[in-house]
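[1] any chance you could fold what I've pasted below:
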Amino acid sequence: WATFGISTVCRASVDDSTQLGNGAAIVHDKSSFTECRATCDGTVGCYGMEYRSETGYCEIWTSPIGHTQDKPGYECLQKDPPSPSTTTTTQVQKSAEEAWSSLGENTVCRLDYKDTTEVGQGTVVEESAGSLEECKRKCAEATKCTGIEYRGDETRCEMWTETIGYARTRHNYQCLRYEPDGWATFGIS
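    Modelled structure (predicted):
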């Protein structure tokens, strides 16, 4: 487990102003911190939790936590990713558009909330692309690409080769995750 810090709430993306991450979280009221964490540990596909000790408010996140906001009294925590021995791969079909998920306008990609590098600790391939669609196409055609960071006014296209786990706010950029047709990984409890 890793905390995003005391006085933080979980959000799906930098543009997410909803309380439950547009359906990404399930509320479990009147829990202790330990019970909230155990609920997440026992929930297939749990990415993390948001907890408020004053009221026992517990949110279980079943989608990636892409951003946090400051809010006194809360704490957002991200669960460590499952080890390969606790996952199974199941085939699912997605449309070309379903393969892409935006982490919001004016966002840059990061490996996780601790990543302060500009290039994912050396895990990106930089390309030039005249449009966002061209950048997405290059990623889709690459041998390994987990998402893109695009800056249109510079025709800058970063193709990420490791999982994008977090997004930071930065004007004129856009971060998108790519999970192509075919295979998706689900945790086993």
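[2] quick check on Glu75: phi, psi?
    phi -150, psi 130 (degrees, to the nearest 10).
[3] how about it, what does it touch?
    Glu75 is in contact with 3-8, 50-53, counting by CB atoms under 8 Å, 6 or more residues apart in numbering. The C-beta positions use only the backbone N, C-alpha and C, and glycine is treated the same way.
[4] show me the beta-bridge partners of it.
    Ile6, Tyr51 (DSSP bridges).
[5] quick check: it vs Ser53, distance?
    The gap separating Glu75 from Ser53 is 8 Å, by CB to CB, to the nearest Å.
[6] same check on Thr18?
    Taken as CB to CB, the span from Thr18 to Ser53 is 22 Å.
[7] repeat for Val119
    38 Å.
[8] what's the answer for Ser102, then?
    33 Å.
[9] in stretch 129-143, what's buried?
    129, 132, 135-136, 138-140, 142 (16 or more other CB atoms under 10 Å).
[10] tell me which of those is nearest to Thr34?
    Cys139 (40.9 Å; CB to CB).
[11] in three-state terms, label the closest one for me.
    Put simply, Cys139 is helix when judged by DSSP: H, G, I helix; E, B strand; the rest coil.
[12] isn't it right up against Ile148?
    Yes: counting by CB atoms under 8 Å, Cys139 does reach Ile148; the two are 5.0 Å apart.
[13] buried among the contacts of Glu75? Need that as a selection in PyMOL.
    The buried residues among the contacts of Glu75 can be selected in PyMOL (16+ other CB under 10 Å) with this line:
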select buried, resi 4+8+50+51+52
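[14] pLDDT weak spots in the chain?
    The model of the chain has pLDDT under 70 over residues 81-97, 121, 181-189.
[15] any idea where the strands of it begin and end?
    2-11, 25-28, 48-52, 57-61, 67-78, 87-92, 100-110, 124-128, 147-151, 156-160, 166-178, 182-187 (DSSP state E).
[16] measure the closest residue in space to Ser17 that isn't next to it in sequence to Tyr113 for me?
    Distance criterion CB to CB, 6 or more residues apart in numbering; nearest residue to Ser17, sequence neighbours excluded, is Arg11 at 7.9 Å. As for Arg11, its distance to Tyr113 is 12 Å (criterion: CB to CB).
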